[in-house]
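# sequence and predicted model, in that order:
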Amino acid sequence: MGNICRSPTAQGVFEKLVNEHALAERIVIDSAGTHAYHIGDVPDARATAAAMRRGIDLSSQRARRVSPADFDQFDYVLAMDTSNYADLSDLCPPEQSPKLQLFLEFASVPGTREVPDPYYGGATGFERVLDLIEEASAGLLVTIRRQHGL
């Protein structure tokens, strides 16, 4: 939503995974929010601390708002929840709609479709977000490797 919790966490987790598989020169990763609440801000301190405990550095990221150009630039535009999916869908050109998906579609977490927003909760929410994002990131990388022959 504001690009300071879930999306930068997903960017950091996926960047780490892509680096571990020596694919950083082949895969471009970015995150953006559907709202302009925090443009230019660093990720939430709680998200940053939780990620750092897992060896993921979010410190170089700054919040930005998604733009229609993102649908041209990226092969995948992933939403953390159905509310953000709806906002992205409104921005998405019809011919680009296959690129838009829920992030957890790449995870094998039964009954869970959305990454919960940890912003108003406690520290355990950020850990849960990381768990879900790590699971979905692994599935996303498998999909990308298969679809793009990497």
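That came through, no problem.
# hey, where'd the helices end up in this structure?
Using DSSP state H, the helices found in the chain span residues 6-20, 45-53, 70-73, 82-91, 123-148.
# could these go into CSV alongside distance to T34, mean neighbour count and mean pLDDT?
To be clear about C-beta, it is placed using only N, CA and C from the backbone, and glycine gets the same treatment. Below are the helices of the chain laid out as CSV (distance: least, Cβ to Cβ, whole Å; neighbours: other Cβ atoms under 10 Å; pLDDT from 0 to 100):
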stretch, distance to T34, mean neighbour count, mean pLDDT
helix 6-20, 9, 23, 98
helix 45-53, 17, 18, 97
helix 70-73, 11, 14, 96
helix 82-91, 4, 15, 97
helix 123-148, 17, 17, 96
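# redo those as a markdown table? Include distance to I39.
What follows is the helices of the chain, written out as a markdown table (distance: least, Cβ to Cβ, whole Å):
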| stretch | distance to I39 |
| --- | --- |
| helix 6-20 | 13 |
| helix 45-53 | 17 |
| helix 70-73 | 15 |
| helix 82-91 | 16 |
| helix 123-148 | 21 |
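# out of those helices, which gets nearest to R113?
Minimum separation from R113 across these (Cβ to Cβ) falls at helix 82-91, 7.2 Å.
# that closest one: how far from the chain's middle?
14 Å (Cα atoms, centre = their mean, to the nearest Å).
# that helix to helix 6-20, inter-axis angle?
Inter-element angle recorded for helix 82-91 and helix 6-20: 80 degrees (by axes from the mean of the first three to the mean of the last three Cα atoms, to 10 degrees).
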